[in-house]
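[1] coords please:
(chains A, B, C and D)
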2 protein chains.
Amino acid sequence: MSNRPVTVDDVAKHAGVSIGTVSRVINNAPHVSRKARDAVERAIDELGYVPNRTAQSLAGQRRGSVVLAISSDDPGLFANLFFAQVVTGVNAVVEETDLELQLVLAASDKGRARLSRIFKSRAADGVMLLALKENDPLSALAESSGLPVVHGGRSLDHEPRFYVDADNRGGAREAVEYLISLGRKRIATITGAQDQHVGVARYLGYREAVVLAGLDDSRVAHGDFTETGGEAAMTDLLDRFPDLDAVFVASDAMAAGALSVLASRGVQVPSDVAVVGFNDIVTAQHTTPALTTVRQPIDALGREMTRMLLRLIDGDTPTSLILPTSLVRRESA
Amino acid sequence: MSNRPVTVDDVAKHAGVSIGTVSRVINNAPHVSRKARDAVERAIDELGYVPNRTAQSLAGQRRGSVVLAISSDDPGLFANLFFAQVVTGVNAVVEETDLELQLVLAASDKGRARLSRIFKSRAADGVMLLALKENDPLSALAESSGLPVVHGGRSLDHEPRFYVDADNRGGAREAVEYLISLGRKRIATITGAQDQHVGVARYLGYREAVVLAGLDDSRVAHGDFTETGGEAAMTDLLDRFPDLDAVFVASDAMAAGALSVLASRGVQVPSDVAVVGFNDIVTAQHTTPALTTVRQPIDALGREMTRMLLRLIDGDTPTSLILPTSLVRRESA
DNA sequence: GCCGAAATTGGAAGCGCTTACAGAACCTTA
DNA sequence: TAAGGTTCTGTAAGCGCTTCCAATTTCGGC
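    Next up is the predicted model:
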């Protein structure tokens, strides 16, 4: 066992060909005779040769890696099932290629700086960006970098060129229509942050459904997607609209908060007030009562983002995608 | 704006020095005069130069990246808060360096192959391995690769050279001692998979506490860490030991299952039976009643693994770490 | 104001690969 | 069988950087 790793030269020598030929075999480029190819492949096997990615990318034009970047202000945000699931989906597709997956959590300035260096120095073949801040300077940088960039979700200020998003508006609308079909008439909503596209879209879905049914859309409290935010909003709602008979909550976390407020006030769910959440995080199965909610295809989001990025890298021009949601009926509505 | 990225040569020319000097400045190596350093730094600024990582690692000895690998058989496993939190911790430390973080989910053969290529071709400066299978061939490969490797958790068959683990045994023991301090006498346990170190360690902690207190340690049902496994085990326990007054459950997921069985049998928690879980996943706050559980410092696990790896890369010899757990008291005990 | 040692610098040789380019080998056709 | 294509193959020039070495400069002490 030599200590020095095996290189193309070793393979070339062993196979009795030139390094050019070895390289062609590795990249299965044309213009290699059957005989030469066999010899090289045997040599690779016998020597246990593994190409040096670094050298490949320095010499060639592809970097050999894609990055998944999460840009937000909340350092704890990644500790969230949502991202874990996105990563799973991304990985499933990346795994089929020989690309490497690089993760960048751009919650801090350091993280952001790192990401912008990647853009500037084109240190990857492409980037998937989950930009959670509105007006994220990174989005602009990403677009102008010339690197293939796929966005997860949209933002209020700017529709990215290529993105994959869930049908937040449609999902919300479906949820509310379901409540209506249950005979509920005084339907409130707890919205998510209204400075984010997702928050606005779900609110819009609510209004759309309520207004189309000729119902009152004024029972609104604004939340921030967190559990405590949900508690506050539910309390507020109950105080202002004691007559409400259903609530569409723009996230499961907020819904969990809402449920506990409802319970502590002695309000029966779903008999007195029906509750529907959004996201279908695991927790939704364990609330009391189990939460009826809108499921987002999160791993599909990851998968489709990655597929889209790969096509972009290949020079294709994919079209952005809106993934359908689905209502998961449990006990709360 | 030229299209060609700025290189050392450009900087050297602009600063009126040689590329050797530029390189020294970049890597802040000694033997550079104040004057030269200033000139180079100014040039870097003015030109917006960003070193090409690929070239750096090809020329130098460091790769510039570390990998976080999760080796398991369950493709869905990563979609688990545990990993998301580990990643958060890892990222926090990696972010302080100029290393890149590469993620490898080695659940499939492809993933595993990828990981072993990394080992063989030393395509990273080091790897953090969360090997969840016992007897994972990857562990052996990792050790023999000569690359710095830090393990998260231990395995039954083999104590890794460098690892970070939670104090599973001590945490379990503390949980059971707490139940004892509550006056419970007939304490059962639902164990985790007994072919994993973590499962065995928690079981050992249970026995240690129970036996030391002179109580009976025979009320045991084996689970598999899943919710349904917890349900089955709880049912079994209730049938075999109708007199039990407490259960230490080796994971929160199983505890959730146990709680629902308890509820359906009309057993009051905690008055009839006290329940303590392990892990403190988010769900633990939302069960009914809220679950008393042992918290693992998961992000600390990620952080410490990374610190350990960095030291290893620097040529130090760190010592393995066992991180303390803490009991989180909620309503179930 | 001179000497040797130490600090600084430039230049060049790679790192392991890809990719023209040009030459060699092999087929076609007439 | 020779001309004119094709298809292979080897060679060499980089990719952008680090680092070694030798050359140059600087500097303290006499």
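[2] for A:A124, phi and psi?
    phi -150, psi 170 (degrees, to the nearest 10).
[3] for it, what are its contacts?
    A:R63, A:S65, A:V66, A:V67, A:Q102, A:I118, A:L147 (CB atoms under 8 Å, 6 or more residues apart in numbering or on different chains). Glycine gets a C-beta too; all of them are placed from N, C-alpha and C.
[4] Could you report the neighbour count for the first one?
    With neighbours defined by other CB atoms under 10 Å in any protein chain shown, the count for A:R63 comes to 25.
[5] Next, it: secondary structure please.
    Counting by DSSP: H, G, I helix; E, B strand; the rest coil, the backbone at A:R63 sits in coil.
[6] returning to that earlier point: neighbour-wise, which of the contacts of A:A124 leads?
    A:V67 (27 neighbours).
[7] any idea how far that residue is from DNA strand D?
    In this view, A:V67 and DNA strand D are 19 Å apart by CB to the nearest atom of the strand, to the nearest Å.
[8] can you pull out the strands in the stretch 101-250 of chain A?
    A:126-131, A:149-152, A:163-166, A:187-191, A:220-222, A:246-249 (DSSP state E, counting those that start in this stretch).
[9] Out of those, which one sits most buried?
    Mean neighbour count (mean count of other CB atoms under 10 Å in any protein chain shown) peaks for strand A:246-249 among those, with a mean of 32.
[10] count of residues packed around A:D73?
    A:D73: 11 neighbours (other CB under 10 Å).
[11] What residues does the stretch 1-150 of chain A have near DNA strand C?
    Within the stretch 1-150 of chain A, the residues that sit near DNA strand C (CB under 7 Å from any atom of the strand) are A:4-5, A:7-9, A:19-20, A:22-24, A:26-27, A:29, A:49, A:51-52, A:55-56, A:58-61.
[12] quick revisit: and the strands of the stretch 101-250 of chain A, which one is worst for confidence?
    Lowest mean pLDDT of these: strand A:126-131, a mean of 90.
[13] Buried residues, the helix or strand of chain A with the lowest mean pLDDT. List them.
    None of the helices or strands of chain A scores lower by mean pLDDT, DSSP states H and E than helix A:137-145, at a mean of 82. Buried residues in helix A:137-145, defined by neighbour count with 16 or more other CB atoms under 10 Å in any protein chain shown: A:L138, A:S139, A:L141, A:A142, A:E143, A:S145.
[14] Could you do stretch A:106-117 as well?
    In stretch A:106-117, counting by 16+ other CB under 10 Å, buried: A:A106, A:A107, A:K110, A:G111, A:R112, A:R114, A:L115, A:S116.
[15] so how far is it off the chain centroid?
    Distance of stretch A:106-117 from the chain centroid (CA atoms, centre = their mean, to the nearest Å) equals 19 Å.
[16] Could you give me the buried positions within stretch A:86-103?
    A:86-95, A:99-103.
[17] swap in stretch A:296-306?
    Those would be A:Q296, A:P297, A:I298, A:D299, A:A300, A:L301, A:G302, A:R303, A:E304, A:M305, A:T306, for stretch A:296-306 by 16+ other CB under 10 Å.
[18] Same list (the strands of the stretch 101-250 of chain A) but as TSV, adding distance to chain B.
    TSV is the format used below for the strands of the stretch 101-250 of chain A (distance: least, CB to the nearest CB, whole Å):
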stretch	distance to chain B
strand A:126-131	13
strand A:149-152	16
strand A:163-166	16
strand A:187-191	17
strand A:220-222	21
strand A:246-249	14
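[19] Tell me which of these approaches B:Y163 most closely.
    Taking CB to CB, strand A:126-131 is the member of these nearest to B:Y163, at 31.6 Å.
[20] picking that back up, which ones among the buried residues of stretch A:106-117 are found in helices?
    With helices taken from DSSP state H, the overlap with these comprises A:K110, A:G111, A:R112, A:R114, A:L115, A:S116.
[21] Out of these, which is nearest to A:G230?
    For these, the nearest to A:G230 is A:G111 (28.3 Å; CB to CB).
[22] surely the closest one meets A:I118?
    No - contact between A:G111 and A:I118 fails when scored by CB atoms under 8 Å: they sit 10.9 Å apart.
[23] Wait, A:G199 touches A:T191, no?
    Yes - A:G199 is within contact range of A:T191, at 5.8 Å (criterion: CB under 8 Å).
[24] Please work out how many residues are found near A:V211.
    A:V211: 11 neighbours (other CB under 10 Å).
[25] Leaving out sequence neighbours, find the closest residue to it.
    Distances taken as CB to CB, 6 or more residues apart in numbering or on different chains place A:D217 nearest to A:V211, at 5.5 Å, with adjacent residues excluded.
[26] Next: A:T292.
    Distance criterion CB to CB, 6+ apart; nearest residue to A:T292, sequence neighbours excluded, is A:A333 at 4.0 Å.
[27] SS state for that neighbour?
    Taking three-state DSSP, the label given to A:A333 is coil.
[28] separation between it and A:R240?
    From A:A333 across to A:R240, the span is 21 Å (CB to CB, to the nearest Å).
[29] Which pLDDT value belongs to A:F78?
    For A:F78, pLDDT reads 63.
[30] Then A:R112?
    87.
[31] Could you measure from the closest residue to it other than its chain neighbours over to B:S121?
    In space, and not counting its chain neighbours, A:R112 is closest to A:A106: 4.6 Å by CB to CB, 6+ apart. Separation of A:A106 from B:S121 (CB to CB) stands at 29 Å.
[32] for A:V50, same thing?
    Using CB to CB, we find A:V50 at a distance of 4 Å from B:S121.
[33] Please enumerate the shared neighbours of the two.
    With CB under 8 Å, 6+ apart, A:V50 and B:S121 have common neighbours A:P5.
[34] quick one: contacts for the residue located most distally from the centre of chain A?
    The C-alpha centroid of chain A is most remote from A:G16, which lies 49.0 Å away (CA atoms, centre = their mean). By CB under 8 Å, 6+ apart, the contact set of A:G16 is A:A39.
[35] for the stretch 151-300 of chain A, what spans make up the helices?
    A:168-181, A:197-212, A:227-240, A:252-264, A:298-313 (DSSP state H, counting those that start in this stretch).
[36] which outside residues touch the fourth one?
    Residues outside helix A:252-264 that contact it (CB under 8 Å, 6+ apart): A:190, A:192, A:223, A:225-235, A:238, A:247, A:249, A:269, A:273, A:275-281, A:283-284, A:287-289, A:291, A:293, A:332, B:286.
[37] could you flag which of those residues are buried?
    For the contacts of helix A:252-264, buried by 16+ other CB under 10 Å: A:190, A:192, A:223, A:225-227, A:229-235, A:238, A:247, A:249, A:269, A:273, A:275-281, A:283-284, A:287-289, A:291, A:293, A:332, B:286.
[38] Surely the residue nearest to A:V211 is in contact with A:V210?
    Yes - under the criterion of CB under 8 Å, A:D217 makes contact with A:V210 at 4.4 Å.
[39] Which residue of the two possesses the greater neighbour count?
    For A:D217 versus A:V210, neighbours defined as other CB under 10 Å are more numerous around A:V210 (24 against 17).
[40] Who are the contact partners of the more buried one?
    A:V176, A:I180, A:I187, A:D216, A:D217.
[41] ditto for A:M308
    Contacts of A:M308 by CB under 8 Å, 6+ apart are A:V150, A:F162, A:V164, A:P318, A:S320, A:L321.
[42] before we move on, what about A:Q56?
    By CB under 8 Å, 6+ apart, the neighbours of A:Q56 are A:R62, A:G64.
[43] Could you check how far it is from DNA strand D?
    Relative to DNA strand D, and taking CB to the nearest atom of the strand, A:Q56 is found at 9 Å.
[44] where does the stretch 101-250 of chain A have low pLDDT?
    Scanning the stretch 101-250 of chain A for pLDDT under 70 picks out no residues.
[45] Try it again at 90.
    Across the stretch 101-250 of chain A, the ranges flagged by pLDDT under 90 are A:106-122, A:131-146, A:155-159, A:195-196, A:225-228.
[46] which parts of it sit against chain B?
    Contact residues (CB under 8 Å from any CB of the partner chain) of the stretch 101-250 of chain A with chain B: A:101-105, A:108, A:110-111, A:114, A:117, A:120-123.
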